[in-house]
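Visitor: Structure for this input, please:
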Amino acid sequence: MQIYKVGGAVRDRLLGIPVTDIDWVVVGATTEEMLAKGFRPVGADFPVFLHPKSGEEYALARTERKSGRGYGGFTFHASPEVTLEEDLIRRDLTINAMAEDDQQNLTDPYHGQQDLKDRLLRHVSPAFAEDPLRVLRVARFAARYAGLGFTVAPQTLELMRQLADSGELQALTAERSWKEISRALMEDQPQIFIEVLRECGALKVLMPEVDALFGVPQPEAHHPEIDTGVHTLSVLQQSALHKLPLTVRWACLLHDLGKGLTPTEEWPRHIAHEHTGLKLIKAVNERFKAPKDCQELALLVGQYHTHGHRALELKPSTLLELLQSFDVYRRPQRFEEFIAACEMDARGRKGLEQRSYPQADYLRGAAAAARGVAVQPLLEQGFKGPELGEAIKRERLKALKAYKEHA
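Guide: Predicted coordinates:
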């Protein structure tokens, strides 16, 4: 039995960046031997075990063969005869197909170390094209390592194109897709993820609503970058630069989907794009079964982001409606995330990345003014039921009028 450290742990050590997860491969062992040593099996038909003390994953060396569609369409074969090289060849990228023994001796049969030096994301073998999930994974790695100068090898991009054209991407489950998308959006340069998907033709398959934004013009006076797709990527990039949470990044990606539906004769104006985009945002949310908080914020940002930009001009009654829509009294954090998304939208414009956004503090102040209305005095005046609700609303409107006068 020989044990090797494999994959990301080896890659990141060689890159000189912190190693977070460690995966191990065991060569020359059987399931019975692993169980006898106290390892706990993971799943019924998968040769992966948890270490009795560290809880880290140890997998028996295995080969795999395509047996159906999608990410799960593989038959695995694990036995003591499977070599380390045979196990490594089934991996996605050469930089993920290296192994180390306990003396840090490197096994690198597919030249991953050279590709690390050349800053290339390159597939290990033609079997890459058998797993559609790898399209998303490679785009995610491109986003993660873009800052180090990594790009996708042209031959690998070609295989990704073939996968995008094959119909295999439709076989991916919502859960697997969302896992990759959400991880990619939390990288330092999530816009690269979308760019790579677009370059290989996968974006128009997975998110045609986002793909449709490229080439759609906006008024140059407000959007010096003109192209709506370019703007969307800039907004996403800003959300990462400001270290914002996944909910905000998802909303930033989807906020302008309605502009893809504007008839060409109306370009570059996009009247009511906030409203027309809602059905598209809903469709994307449902396609990937995005978490509820991501879904809700994306819809609210889609509908109200122009309210955010026009905050200083809004009538107190419109401001109150906006605050009610977000339920700022019980869910203040959601409104804070809305403000952040609006600010990223404003900053995601060519040459305007550093411009101040006074609307943010104005909206925070408005929320504080509305929240400051005390309910107890109204109860003491005998208001109850629907009448109490109306009385609270009147007082909040009064507070917002006073706030607007003095702001």
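Visitor: how many neighbours does residue 31 have?
Guide: 14 (other C-beta atoms under 10 Å). In short, each C-beta sits where N, CA and C put it, glycine included.
Visitor: so who does it touch?
Guide: The neighbourhood of residue 31, defined by C-beta atoms under 8 Å, 6 or more residues apart in numbering, consists of 41, 47, 60, 78.
Visitor: Try it again at 7 Å.
Guide: residue 47 (C-beta atoms under 7 Å, 6 or more residues apart in numbering).
Visitor: At which residues are the helices of the stretch 51-200 of the chain located?
Guide: Along the stretch 51-200 of the chain, counting by DSSP state H, counting those that start in this stretch, helices occupy 84-89, 112-117, 133-145, 154-166, 174-185, 190-199.
Visitor: Any idea which of these gets closest to residue 331?
Guide: Residue 331 lies closest, by C-beta to C-beta, to one member of these: helix 174-185, at 21.4 Å.
Visitor: buried residues in that closest one?
Guide: For helix 174-185, burial by neighbour count (16 or more other C-beta atoms under 10 Å) applies to 176, 177, 178, 180, 181, 182, 183, 184, 185.
Visitor: Adding mean pLDDT and distance to residue 256 as columns, could you present the helices of the stretch 51-200 of the chain in JSON lines?
Guide: As requested, the helices of the stretch 51-200 of the chain are exported to JSON lines (pLDDT from 0 to 100; distance: least, C-beta to C-beta, whole Å):
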{"stretch": "helix 84-89", "mean pLDDT": "94", "distance to residue 256": "43"}
{"stretch": "helix 112-117", "mean pLDDT": "98", "distance to residue 256": "36"}
{"stretch": "helix 133-145", "mean pLDDT": "97", "distance to residue 256": "20"}
{"stretch": "helix 154-166", "mean pLDDT": "96", "distance to residue 256": "23"}
{"stretch": "helix 174-185", "mean pLDDT": "97", "distance to residue 256": "16"}
{"stretch": "helix 190-199", "mean pLDDT": "98", "distance to residue 256": "13"}
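Visitor: of all these, which lies closest to residue 269?
Guide: Using C-beta to C-beta, those put helix 190-199 closest to residue 269, at 24.9 Å.
Visitor: following that closest one, which helix or strand comes up?
Guide: helix 203-206 (DSSP states H and E).
Visitor: Can I get that following helix in PDB, CA atoms only?
Guide: What follows is helix 203-206, C-alpha atoms only, in PDB (Å, rounded to 0.1, in the frame of the first residue of the first chain):
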ATOM      1  CA  LEU A 203     -22.700  30.700 -21.600                       C
ATOM      2  CA  LYS A 204     -25.400  30.700 -24.300                       C
ATOM      3  CA  VAL A 205     -26.300  27.100 -23.200                       C
ATOM      4  CA  LEU A 206     -26.200  27.600 -19.400                       C
END
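Visitor: from here on, count from 34
Guide: Taking 34 as the first residue, the last one we looked at is helix 236-239.
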